[in-house]
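Colleague: Sequence and predicted structure below; questions after.
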There are 4 protein chains.
Amino acid sequence: MSIRVGIVGISGFGGGEAMRLIASHPSFDLVYAAGEGSAGSRLADRFPGAPAGLADLVIERWDPATLPKLDVLFASLPTGTSAEALARVPADVRIVDIGGDHRYAEGWAYGLADVWPDRIAGRTRVANPGCFPAATLTALAPLLAEGLIEPGNIVIDAKTGISGAGRGGGDSRFGYAESNENLVPYGLLRHVHVPEIETTIERLSGGSAAGLVFTPHLVPMTRGILATIYCRGRGRGRDRASTDQCLDAARRFYAGRAFVRVTDRPPQTKWATGSNLAFVGYAADPERNLVIAMGVVDNLGKGAAGQAVQNANLICGLPETAGLDGAPVWP
Amino acid sequence: MSIRVGIVGISGFGGGEAMRLIASHPSFDLVYAAGEGSAGSRLADRFPGAPAGLADLVIERWDPATLPKLDVLFASLPTGTSAEALARVPADVRIVDIGGDHRYAEGWAYGLADVWPDRIAGRTRVANPGCFPAATLTALAPLLAEGLIEPGNIVIDAKTGISGAGRGGGDSRFGYAESNENLVPYGLLRHVHVPEIETTIERLSGGSAAGLVFTPHLVPMTRGILATIYCRGRGRGRDRASTDQCLDAARRFYAGRAFVRVTDRPPQTKWATGSNLAFVGYAADPERNLVIAMGVVDNLGKGAAGQAVQNANLICGLPETAGLDGAPVWP
Amino acid sequence: MSIRVGIVGISGFGGGEAMRLIASHPSFDLVYAAGEGSAGSRLADRFPGAPAGLADLVIERWDPATLPKLDVLFASLPTGTSAEALARVPADVRIVDIGGDHRYAEGWAYGLADVWPDRIAGRTRVANPGCFPAATLTALAPLLAEGLIEPGNIVIDAKTGISGAGRGGGDSRFGYAESNENLVPYGLLRHVHVPEIETTIERLSGGSAAGLVFTPHLVPMTRGILATIYCRGRGRGRDRASTDQCLDAARRFYAGRAFVRVTDRPPQTKWATGSNLAFVGYAADPERNLVIAMGVVDNLGKGAAGQAVQNANLICGLPETAGLDGAPVWP
Amino acid sequence: MSIRVGIVGISGFGGGEAMRLIASHPSFDLVYAAGEGSAGSRLADRFPGAPAGLADLVIERWDPATLPKLDVLFASLPTGTSAEALARVPADVRIVDIGGDHRYAEGWAYGLADVWPDRIAGRTRVANPGCFPAATLTALAPLLAEGLIEPGNIVIDAKTGISGAGRGGGDSRFGYAESNENLVPYGLLRHVHVPEIETTIERLSGGSAAGLVFTPHLVPMTRGILATIYCRGRGRGRDRASTDQCLDAARRFYAGRAFVRVTDRPPQTKWATGSNLAFVGYAADPERNLVIAMGVVDNLGKGAAGQAVQNANLICGLPETAGLDGAPVWP
């Protein structure tokens, strides 16, 4: 089966990673690519290692009015720039939006694919979770589902590689010399991803109000996200959550799921590099009624293009793992 | 005035940084260096950029019985290996122990130099704080001193550059290819630095019991520590701490102190690289009664050799800043 | 078709990369893995992101006497340690030796797959080129084949990422803190790869004596090799080689070949990361009769496991690109 | 003695490093700083670790008409932008130009301070060598002075850290994610530094015509330059240069000079980081009449601000090492 797909935002890191994954997907054919800075150039000019079959595809200027016939469109546009244009995409073109404009928007499924694949299958508009939420929610979902933690008292200390800030240019904060050997906290008490995480926590916990502190940090590496999450346990007395209980909850929750690995060692970002895997780990201290949850993803994999392809598989009725079985690149 | 100093543990990162600082110190003369792996070689073999005056100093095998006449000895030995040997150093040789064996040991001052210089001046045995405690306690001290936070409920998410793990060799976890592009949490719920931090918190808060969660992470950079610290405020109702109150408390606490910079932007590790500076920043959310404190140091500067030289200045009656006025290396 | 393959040396970087490639190969089944440090552990203990189907494979202690029935064995052992053991592997097990012990050894084909696939197809013992030779020879082959350069006067300034030095541990030279932000030339005038390069140059140039200067450098990055090669042109007067002539020679030489990309921009190491691609570029100055050739590979891809799988494909009569069509990981 | 100095171009890496060095210089007082992007802000806004005494200096918009009374002006402006403005600086203000506009310009001394200090002392207009020329010429000078190599046949394979490309912003090529794990050759056969190197080679070799190939590479590290230089020996028969002859020539040439270290190991960039040191090493193969010279500097130290301060010391009649005795930062 050949499914015709397009990517808008091919010049960015998320769009480029989508291209890489689609290029070796057994059912997807990339027939359209659009980008801002790179319009007019061939795919191989922008990606010297692009597969031979895609090398001569000309990158177009993004305009929903000139789309070719497509089955699926991957959109990877800066947040705030895509809502109007994507609304003009024909209804029979399924869309996976990697960007931030449609998370919990009306008519869009929230594509947390490992957690609720059934809410995604068969939909035609899916909003990919943000990269921080992907790491965070994958780790928290089993604890919330089993009521092991308080949804109202969660501290997320999140760390991302610098590709999470998008491509350089125009912003010296992300220059090599400025970023290398530097660790930078930012956006304290006001990060854009908080509402998305809170809404999902509430759904996962059956409606309890979520309360979050979210502190992102830029780490001098290209890819990778680790969320270290400090939670208050919900149990009382001898029922307080132990490390094993948390691990077991996660093993149950993700039993039979392809992309989430439950680990009894603290997960490291490099375990996921280049893959669609997520790693979750836990450490609990019943005496203090504390649970530490850890979630690791590649911010461009499960945090962006990997999960987008997984969502596209779900909405097209393909095996969820199609095109996503590459093992992580190590070292 | 010429003060005769020695370094034991010159082959390690802390000892090497002590050598660098002492080499441009106006009153210290390095007359003795001892090391394990490098015994028998000249200082210039080990440090090709060593100052000309020190290049030919021969590194000796460490033996307290063969010490030359010294005024100050800097010890930078692996934790667990120095107690017995340092006990045999003559009483008239002042010791600053950068290693971990004498923190809160009997007869030793705890050398948190920016916080309590008076407890160090005139002492002859000073134990340098660990690198994580240095970053953490410098940020927390003003809040504890003014009672702005609960000492019993503190979550420390700490991140260190890899030189904090000591020199490579023998441990592939710290190999370049394994560590680069990798972010690694470790030692969950059982980090060795916790007792030292708890004891100091209790002293700073007038005896209230401290309760800590401490999670260290290895970050792919050579130098630098950031502690992001989540605290519960102590105030009630309209008295809950605001960001400005925390900043003001820190400005008051460190008024006239040379090495601590209070910043209203989140501090970045690179601001401190190569220097003895510490940066502290705060963000509070009175509505949730939350205070986030951030402390940044160079783990080999204020976190090791820089603070050691500062302590040596204090115990020798020198100006606290002698030899420590170098600005950070940037970029 | 299912081909039973094994890897010996799975704990090393080359062996690990072979595992990654084999895991998504359409015809290869990994049924045996042996390693030194990791014997007894499951594959997933060593590679947390290993594909689910391989996770429980137990790594064995390497012993040719206990090999299961195999069609192909990939050997990735330290140079100097494999000759005797590989001689004891049954003759019907085809071997691709990624290590250095059988290059131009009797009975072994030299597996420069992009240059002479016909010399490899149907063989049962193939020695993979070294990583430096792979980058160098891929760039030089077209020039030598068309007689554009003097084989007797070639200066190779080669740069490799640190995974080229093998796994850390035991050698602090490759520790993160020691290697990061450091660029290190080594092995001047006596690099182990020179004979292999010289022999191949002589074959490619029809027997002319090769003369090489080879200077390797360690670059602070994990993967990637660039060889910048300074050659004297062979043409006289108006026949001296131009940049375009060199590029055309390479386009002719590699016409129809899947893995070598001829580029008119200077090639960058990141173009190849994670793939089996090689990039070659040229700049000539006829006035000075100078040709600069540049070759880029991923040292673990084309420089090791990628080329090994390509060689295995050739000896098994599979399509050369089977399991090797993954695009490079970028950024 | 207090010498009033100013810096124009304080926002750039070279200007920032000049600030760092001047801040701990025993005779220089920074009384003026001008910058493009940062005009109007305090020095401490731009450099959070700036020494307390300089923190409140306000960065001005650069205008030679509004200079305060100065003894020395350090100019660190992009090449092509400074000639006209610097011509308007009063004649009694001595200028050291770190930028590229006055190298071998009329009336300007070429400030190769370690090689010909006498040509600099007492001058009022000194053009700092470029960073690549600094590394290259320091290594070649002794060989040229003793006639050990042919000036007409020199291949320079040069590698620089990314701060050599200037501050990020506006150019995504130098973004962290694009530059990290990437090694990039550029500017083949047409690098801007060639004329400056050729002119100096001709002076050092007593007028023989220089012939150069110069290939720069961007290395994923912040600071550091290594030039690996391939030369043809000048000697004949048994007089061909050996490694020892080259080392001895360098030791003679730099005898008594403070900043050049002759090393019999291949020099590494990290040996120089943060210092004004240069390291030179040699490997010769008399049989092939080949000499490899290697030069290492910190591109912002000896390659920019360090040499600028050294030149300012020379023109002010101060000890050459004033303010420059800091040992390299390691690791």
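Modeller: Great, that's in hand.

Colleague: Could you tell me which residues make contact with the residue nearest to A:Leu54 when sequence neighbours are not counted?
Modeller: Distance criterion CB to CB, 6 or more residues apart in numbering or on different chains; nearest residue to A:Leu54, sequence neighbours excluded, is A:Leu43 at 5.1 Å. Every residue, glycine included, has its C-beta placed from N, CA and C. Going by CB atoms under 8 Å, 6 or more residues apart in numbering or on different chains, A:Leu43 touches A:Ile10, A:Met19, A:Ala33, A:Ala50, A:Leu54, A:Ala55, A:Asp56, A:Leu57, A:Val58, A:Ile59.

Colleague: 10 Å instead?
Modeller: A:Leu43 sits next to A:10, A:16, A:19, A:23, A:30, A:33, A:35, A:50-51, A:53-59 when contact means CB atoms under 10 Å, 6 or more residues apart in numbering or on different chains.

Colleague: go on, A:Gly147?
Modeller: The contact partners of A:Gly147, by CB under 10 Å, 6+ apart, come to A:Ser205, A:Gly206, A:Ser208, A:Gly233, A:Arg234, A:Gly235, A:Ala241, A:Ala249.

Colleague: Give the buried residues for stretch A:159-178.
Modeller: If you call a residue buried by 16 or more other CB atoms under 10 Å in any protein chain shown, then stretch A:159-178 has these buried ones: A:159-169, A:171-178.

Colleague: for chain A, longest strand please?
Modeller: strand A:149-161 (DSSP state E).

Colleague: Run the angle between that strand and strand B:149-161 for me.
Modeller: Interaxial angle, strand A:149-161 versus strand B:149-161 (axes from the mean of the first three to the mean of the last three CA atoms, to 10 degrees): 30 degrees.

Colleague: Mean confidence (pLDDT) on strand A:149-161, please.
Modeller: The predicted model assigns strand A:149-161 a mean pLDDT of 98.

Colleague: if we can go back for a sec, so which of the buried residues of stretch A:159-178 would count as near chain B as well?
Modeller: By CB under 10 Å from any CB of the partner chain, the members of those lying near chain B are A:Lys159, A:Thr160, A:Gly161, A:Arg173, A:Gly175, A:Tyr176, A:Ala177, A:Glu178.

Colleague: Identify the residues contacting the fourth one.
Modeller: With contacts taken as CB under 10 Å, 6+ apart, A:Arg173 has the following neighbours: A:Ile162, A:Ala165, A:Ser179, A:Asn182, A:Val184, A:Tyr186, A:Leu218, B:Gln268, D:Gly168, D:Gly169, D:Tyr176.

Colleague: Columns distance to chain C and secondary structure on top of these, output as JSON lines?
Modeller: JSON lines is the format used below for the contacts of A:Arg173 (distance: CB to the nearest CB, whole Å; DSSP: H, G, I helix; E, B strand; the rest coil):
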{"residue": "A:Ile162", "distance to chain C": "9", "secondary structure": "helix"}
{"residue": "A:Ala165", "distance to chain C": "12", "secondary structure": "helix"}
{"residue": "A:Ser179", "distance to chain C": "13", "secondary structure": "helix"}
{"residue": "A:Asn182", "distance to chain C": "12", "secondary structure": "coil"}
{"residue": "A:Val184", "distance to chain C": "18", "secondary structure": "strand"}
{"residue": "A:Tyr186", "distance to chain C": "20", "secondary structure": "coil"}
{"residue": "A:Leu218", "distance to chain C": "15", "secondary structure": "strand"}
{"residue": "B:Gln268", "distance to chain C": "17", "secondary structure": "coil"}
{"residue": "D:Gly168", "distance to chain C": "15", "secondary structure": "coil"}
{"residue": "D:Gly169", "distance to chain C": "18", "secondary structure": "coil"}
{"residue": "D:Tyr176", "distance to chain C": "9", "secondary structure": "helix"}
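
Colleague: just the strands in the stretch 201-331 of chain A please.
Modeller: Using DSSP state E, counting those that start in this stretch, the strands of the stretch 201-331 of chain A run over A:212-219, A:225-233, A:260-262, A:278-285, A:290-297.

Colleague: So for chain B, which of those strands sits nearest?
Modeller: Evaluated over the strands of the stretch 201-331 of chain A, closeness to chain B peaks at strand A:278-285, with 4.0 Å, by CB to the nearest CB.

Colleague: Using CSV, list the CA coordinates for that closest one.
Modeller: C-alpha atoms of strand A:278-285 as CSV (Å, rounded to 0.1, in the frame of the first residue of the first chain):
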residue,chain,number,x,y,z
ALA,A,278,10.5,6.3,25.7
PHE,A,279,12.2,5.2,28.9
VAL,A,280,10.5,5.5,32.3
GLY,A,281,12.0,4.9,35.7
TYR,A,282,10.9,5.4,39.3
ALA,A,283,12.4,5.8,42.8
ALA,A,284,10.0,6.0,45.8
ASP,A,285,10.6,6.7,49.4
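
Colleague: Out of the strands of the stretch 201-331 of chain A, which is the most enclosed?
Modeller: strand A:290-297 (a mean of 28; mean count of other CB atoms under 10 Å in any protein chain shown).

Colleague: Cool, thanks, talk later.
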